[in-house]
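K.L.:
How does the following fold in three dimensions:
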Amino acid sequence: MRTEPGPNDCLLYSGTLNNGGYGQIMVDGSQMLAHRAAYGLQLGPIPDGMVLDHTCHNRDASCLGGRACLHRRCVNVAHLEPVSGAENTRRGRTWAINGTKTHCPSGHPYDEANTHVCGGRRYCRACNRALKTAS
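P.N.:
Numbers count the residues shown, from 1 in each chain. I've put the predicted structure just below:
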């Protein structure tokens, strides 16, 4: 497996990446995510119902995630922890990604005049008006 040293003892896969930014390799004629292959080869099978969490990503507050996230390429098994899918989502930073969005999914701006904040979430006033008039 081709790797290169990364920040904070990450071991970054340097081969092909998939659309999500994860390393991708061929194992016995089948494509497999590089971090899952590394874990399986060094520590054994991933427990049923579990996914691998990149704990190196969780410790790096400056990384917002997404395809450019270097942690997705990390194959250092010391940085991989089997957790439930729900736990992996809880540990993620969807709030940080959503916080960088400047427009709602319909294209309206998230600005002071068009944004209502309730319970820590942003709501588009233009979309809410459209929903009310449609019903």
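
K.L.:
Every contact and neighbour count from this point should use C-alpha atoms.
P.N.:
Will do.

K.L.:
Can you give me the buried ones in stretch 67-87?
P.N.:
70-77, 79-84 (16 or more other CA atoms under 10 Å).

K.L.:
Which SSE is immediately downstream of the worst-scoring helix or strand of the chain on mean pLDDT?
P.N.:
Among the helices and strands of the chain, helix 94-99 carries the lowest confidence by mean pLDDT, DSSP states H and E, at a mean of 65. Going down the chain from helix 94-99, the next helix or strand is strand 115-118, by DSSP states H and E.

K.L.:
can you give me the mean pLDDT across that following strand?
P.N.:
Averaged over strand 115-118, pLDDT sits at 90.

K.L.:
buried set for it?
P.N.:
The neighbour-count check on strand 115-118 (16+ other CA under 10 Å) flags Thr115 as buried.

K.L.:
Which other helices and strands does that strand contact?
P.N.:
Contacts defined by 3 or more CA pairs under 8 Å, 6 or more residues apart in numbering; DSSP states H and E place strand 115-118 against strand 121-124.

K.L.:
The strand it packs on - contacts with which helices or strands?
P.N.:
The contact analysis (3+ CA pairs under 8 Å, 6+ apart) places strand 121-124 against strand 115-118.

K.L.:
Pretty sure Arg72 sits against His54.
P.N.:
Yes: in this structure, Arg72 is within contact of His54 by CA atoms under 8 Å, at 7.2 Å.

K.L.:
what about the strands in the protein?
P.N.:
Residue ranges of the strands in the chain, as given by DSSP state E, are 3-5, 11-13, 24-27, 30-33, 51-54, 80-83, 115-118, 121-124.

K.L.:
if you compare the ones you listed, which one is most tucked away?
P.N.:
Most buried of the strands of the chain by mean neighbour count (mean count of other CA atoms under 10 Å) is strand 11-13; its value is a mean of 23.
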